[in-house]
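Novice: One predicted model, sequence on top.
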Amino acid sequence: MSATPPAEHSADHGNGNRSRSTTWIPIAIAAAVPAGLYLVFIAHFGRNGIYWDDWTFVPIVDGVIHHHLSFTELWQQHNENRMLFPLLLVGVVGSLTHLDTMVIMWVSAGLFIVSFALLLDAHRAYSNHWMTPLQTLFVGCVWFSIVDTENALWAFQVAWYLVLFCLMFMLFALGRRRLTPRWFCLAALIALVASFSSLQGLMLWPVGLLCIVWRLRDMRSRSMACGTWILVSLAAFAAYFHDFSFSSSAIGGGSSSYALHHPVQVGQYALALVGNVFPTMNPDVGLHELIGLALIVCSLSVVVASIRSYGRTRTLPLPAALIVFALLFDLSIALGRMSLGIVHAFSPRYTMVNLLILVALSAFVFARASLRPVHRRRRLPTALGSAAVAGVVCLLAVQIVDATDVGLHAASTWRQRITTGDTIFVNLDRIPEPARTNLFDGFVFPSLAALTDAGWLQMVQQDHLGELDPSTAAGYVSAHPSLP
């Protein structure tokens, strides 16, 4: 099983080491700027504090510290998710850092930066050249958009960063010049890691199948590879949903059955999800649905154009792969959360995957308008290509400016909320009832009584986890919790 690219895929390789060495330096600088600003953003607005779903990590870290962690705890369902690998990661990191949630945010950021590097390499393989420094800078600013506040500043979201990393690593493996059995097996292994990191990790299987069909043209090799991929994916789905609870209380309050009986509302919710990549301070449902519709139409046009070019190339269909993943991700969110109300679609954490749509559209246009396209029959005329690139750059610029304004405001609000929660938790014993319960339930976790009954509160206090670590608590112990 192997796929060898056509001869023109190597047309760019005769420029010599000097050309390559002088090309990648400004590109690396352009890529490093948004990544560095993203790290500065986390350092400024991030806070060490166990907040809401972060409490899921407490028994895992406690189990590692006291050597009683069981597979059942790692495998148990959290909302719609099996989080085996994120919990393993947090168990190791948390036991070494007293569950410092800032460290977990840095781990997420590291996965995100590596994923971006894999994206740039995937685009090089797709278009036969690197993005220009300016294109890299604009795409990087969208990739590291700070509108994605809840993911960047919430340790619990490490699972989605891991899934995105697995997606890009899988595309890297399936996009090698020769798709050997070794790369195929590595891609399948990565898809398994994603599958047991979050529900959305299961979306890697159809994306991977698309890439395999694209890469392999020999009927026998393609049939064997696709058959094997499908069998492994079916096993992953079967394991994931074994003893799975679909009740509303088990999957975070959403109702998939309600969504299935209201397909129009599901469509509206999905449109709002996609449209929220251009955020506003006060979300306008109609406006975001219209933006979402325009982006989805453009995305489907890219997928259709990619399908029409099938047979001309064996390079990875990067834009189509990113779009398919993003739309499947959105569908899973819409089915699971639509019953909570369309306003839920404007949650900042859902912007991460939809930023991939903007990245995919940019990659498609940049490749087609290139002066050195790998497939000349698909190249846009010079004037049209220049106009398309200018239009995409303007679109990205609007998103960057808009998202930065909204993101900074949201991050400031988030930091204040986490700081208030830390202050309340560190000084919990000094707050009289009923203010103690009301403040805790409002800023730290929905139910102080539930944490006490489960023993999680005692674990945090005993092991000095999160904001109760002495080095962190010292900054709050003398403060007085303020009412909201």
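Specialist: On my side now, so go ahead.
Novice: correct me, but Y269 touches A345?
Specialist: Yes: Y269 is in contact with A345 according to C-beta atoms under 8 Å; the separation is 5.2 Å. Quick note: C-beta positions are derived from backbone N, CA and C, even for glycine.
Novice: Give me the common contacts of the two.
Specialist: Common neighbours of Y269 and A345 (criterion: C-beta atoms under 8 Å, 6 or more residues apart in numbering): 334, 337.
Novice: Any regions of the stretch 351-484 of the chain where pLDDT drops low?
Specialist: Flagging of the stretch 351-484 of the chain using pLDDT under 70 yields the residue ranges 370-385, 478-484.
Novice: which residues sit in contact with L119?
Specialist: When the contact criterion is C-beta under 8 Å, 6+ apart, the partners of L119 are 139, 143, 168, 359.
Novice: again, only this time at 10 Å
Specialist: Under the criterion of C-beta atoms under 10 Å, 6 or more residues apart in numbering, the neighbours of L119 are 31, 131, 139-140, 143, 164, 167-168, 171-172, 318, 322, 356, 359, 363.
Novice: just curious, which of the residues you listed is nearest to G292?
Specialist: L356 (14.0 Å; C-beta to C-beta).
Novice: For that closest one, grab the count of nearby residues.
Specialist: Around L356 there are 25 other residues, counting by other C-beta atoms under 10 Å.
Novice: Can you tell me which member of the contacts of L119 has the lowest pLDDT score?
Specialist: Taking pLDDT as the measure, the contacts of L119 have their low point at M131 (91).
Novice: Would you agree that residue falls within a helix?
Specialist: No: note on M131: no helix contains this position according to DSSP: H, G, I helix; E, B strand; the rest coil, which reports coil.
Novice: ok, it to A363 distance?
Specialist: 8 Å (C-beta to C-beta, to the nearest Å).
Novice: Kindly report the same for M170.
Specialist: M170 sits 17 Å away from A363 when distances are taken as C-beta to C-beta.
Novice: what about the longest helix in the protein?
Specialist: The residue-count maximum for a helix in the chain (DSSP state H) belongs to helix 382-426.
Novice: same for that helix, what does it pack against?
Specialist: Contacts of helix 382-426 with other secondary structure elements, assessed using 3 or more C-beta pairs under 10 Å, 6 or more residues apart in numbering; DSSP states H and E, are made with helix 16-45, helix 133-143, helix 149-152, helix 351-368, helix 435-443, helix 456-463, helix 470-473.
Novice: Confirm A187 sits in a helix?
Specialist: Yes: under three-state DSSP, A187 falls within a helix.
Novice: Next up, the contacts around it.
Specialist: In this structure, A187 makes contact with 166, 169-176, 179, 204, 208, 211-212, 229, judged by C-beta under 10 Å, 6+ apart.
Novice: Pretty sure G49 sits in a strand.
Specialist: No: counting by three-state DSSP, G49 is located in no strand; its state is coil.
Novice: isn't it right next to F156, touching?
Specialist: No: between G49 and F156 there is no contact, the gap being 11.6 Å when judged by C-beta atoms under 10 Å.
Novice: Just want to know which of the two has more residues nearby.
Specialist: Neighbours per residue, other C-beta under 10 Å: of G49 and F156, the larger number sits with G49, 27 against 24.
Novice: and that one, what are its phi and psi?
Specialist: Note on G49: its backbone torsions stand at phi -170, psi 140 [degrees, to the nearest 10].
Novice: so what's it up against?
Specialist: For G49, the contacting residues are 100-102, 155, 417-426, 443-444, 466-468, 472, 476, taking C-beta under 10 Å, 6+ apart as the criterion.
Novice: Go again with 7 Å.
Specialist: Applying C-beta atoms under 7 Å, 6 or more residues apart in numbering to G49 gives the contacts 101, 418, 421-422, 466-467.
Novice: for those, which one is nearest I400?
Specialist: Minimum distance to I400 across those is 25.5 Å, recorded for I418 (C-beta to C-beta).
Novice: The closest one is in contact with R47, isn't it?
Specialist: Yes: I418 is in contact with R47 according to C-beta atoms under 7 Å; the separation is 4.2 Å.
Novice: So for the two, which residue has more residues nearby?
Specialist: Counted by other C-beta under 10 Å, I418 and R47 do not tie: I418 has more neighbours, with 23 against 19.
Novice: between the helices and strands packed on helix 382-426, which gets nearest to S198?
Specialist: Once C-beta to C-beta is applied to the helices and strands packed on helix 382-426, the stretch that comes out nearest is helix 351-368, at 11.2 Å.
Novice: what's the closest one packed up against?
Specialist: Taking 3 or more C-beta pairs under 7 Å, 6 or more residues apart in numbering; DSSP states H and E as the contact definition, the neighbouring helices and strands of helix 351-368 are helix 101-127, helix 133-143, helix 263-275, helix 285-308, helix 318-337, helix 382-426.
Novice: Now do the buried residues in the third one.
Specialist: So the one you mean is helix 263-275. Burial within helix 263-275, assessed by neighbour count using 16 or more other C-beta atoms under 10 Å, is assigned to 265-275.
Novice: If anything else comes up later, I'll come back, but that's it for now.
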